[in-house]
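Undergrad: Give me a model of this one.
(chains A, B, C and D)
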There are 2 protein chains.
Amino acid sequence: MEALTINEAASTTGWSPRMLRYVEQAGLVAPARSPSGYRLYGAAALQRLRTLKELLARFDVSLSDVAFASRMAGDAALRDAVQAWLKAEASRPEDVNAEDWLRFEQDKHEKLLAAVA
Amino acid sequence: MEALTINEAASTTGWSPRMLRYVEQAGLVAPARSPSGYRLYGAAALQRLRTLKELLARFDVSLSDVAFASRMAGDAALRDAVQAWLKAEASRPEDVNAEDWLRFEQDKHEKLLAAVA
DNA sequence: GAAACCTTAACACGTTCGTGGTAGGGTTAG
DNA sequence: CTAACCCTACCACGAACGTGTTAAGGTTTC
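TA: Residues are numbered from 1 along each chain as shown, chains lettered A, B, ... in the order given. The predicted structure is shown next:
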């Protein structure tokens, strides 16, 4: 099992060398380093890069989205706060209760009903 | 329990009217609507807006981050894919195995050891 | 020691996010 | 009826994201 340098890794994963550095900076795939600082992509890192690319493409997700998910996975306080917020019935429009309705319908209905009565 | 119009809601939550529309478009807080289309923010929506603001500030997250979390919460396939990817030891640098090291240290060590021996 | 790599830092540029504003046109309130 | 509000749809604009390229300088290879 050999380790590939950044250009070799780029070739076999479909990422550009520039993006491999960017992905690392985003905290998503950090390859090992040679004593002189060269990035060394092992089999595991290459696999992660390929599956990451697949993930982004399949679900049309951005790198920062995955970075945020990663952050949530490692920060329990953040994760709990976000999940707690989401739990409270997110995007579904609120039920409109009678009073709310009245405030806007009162006049019309009042007149209408009066006319009918 | 009355419902507030967008400007009233803006006043009591600290968001601007413009941002309340944006937050709704992001799929995070969708208020009820009056028959004529006016947004009606009830107590629940107001609370969600306040806690959302708090969430963003406390953890320095972006609206799109929360929007993505929301998307994950509602899409099991996406959630599973992301969590599966993260599970595989994300940002920690890979272990450098003996072979990888050798490839870069061989010459130096070879000479060094030869000299010592 | 020269060619071919690698590294970080920086400039550049198109795209999206976050935010404010304005315009044209309904709705509500006094 | 008029003033004050709401709606949607734009234009604008700085900040951040995603990507490529280039510059200046080490490493590896032969």
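
Undergrad: can you give me the strands for chain A?
TA: Here chain A has its strands, by DSSP state E, at A:32-33, A:39-40.

Undergrad: Please identify the most buried of these.
TA: strand A:39-40 (a mean of 22; mean count of other C-beta atoms under 10 Å in any protein chain shown). All C-beta spots, glycine's among them, are computed from the backbone N, C-alpha and C.

Undergrad: gap between that strand and the chain center?
TA: Distance, stretch centre to chain centre, for strand A:39-40: 27 Å (C-alpha atoms, centre = their mean, to the nearest Å).

Undergrad: Would that strand count as contacting DNA strand D?
TA: No. On the criterion C-beta under 7 Å from any atom of the strand, strand A:39-40 is out of touch with DNA strand D, staying 10.5 Å away.

Undergrad: For residue A:84, give its distance to residue B:42.
TA: Residue A:84 sits at a distance of 20 Å from residue B:42 (criterion: C-beta to C-beta, to the nearest Å).

Undergrad: Where does pLDDT dip in chain A?
TA: Within chain A, the segments meeting pLDDT under 70 span A:1, A:90-117.

Undergrad: Between residue A:84 and residue B:42, which has more neighbouring residues?
TA: Between residue A:84 and residue B:42, counting by other C-beta atoms under 10 Å in any protein chain shown, residue B:42 is the more crowded of the two (21 against 11).

Undergrad: Pretty sure that one sits against residue B:5.
TA: No. Between residue B:42 and residue B:5 there is no contact under C-beta atoms under 8 Å: 11.6 Å.

Undergrad: Leaving out chain neighbours, which residue sits closest to the spatially most central residue of chain A?
TA: Nearest to the mean C-alpha position of chain A, by C-alpha atoms, centre = their mean, lies residue A:65 at 2.8 Å. When the adjacent residues along the chain are set aside, residue A:65 lies closest to residue B:68, with 4.5 Å between them (C-beta to C-beta, 6 or more residues apart in numbering or on different chains).

Undergrad: List the residues that contact the one you found.
TA: A:61, A:65, A:68-69 (C-beta atoms under 8 Å, 6 or more residues apart in numbering or on different chains).

Undergrad: from the residues you listed, which two are the most distant?
TA: The span of these, defined through C-beta to C-beta, is set by A:61 and A:68 at 10.1 Å.

Undergrad: The residue nearest to residue A:65 and residue B:16, how far apart?
TA: 23 Å.
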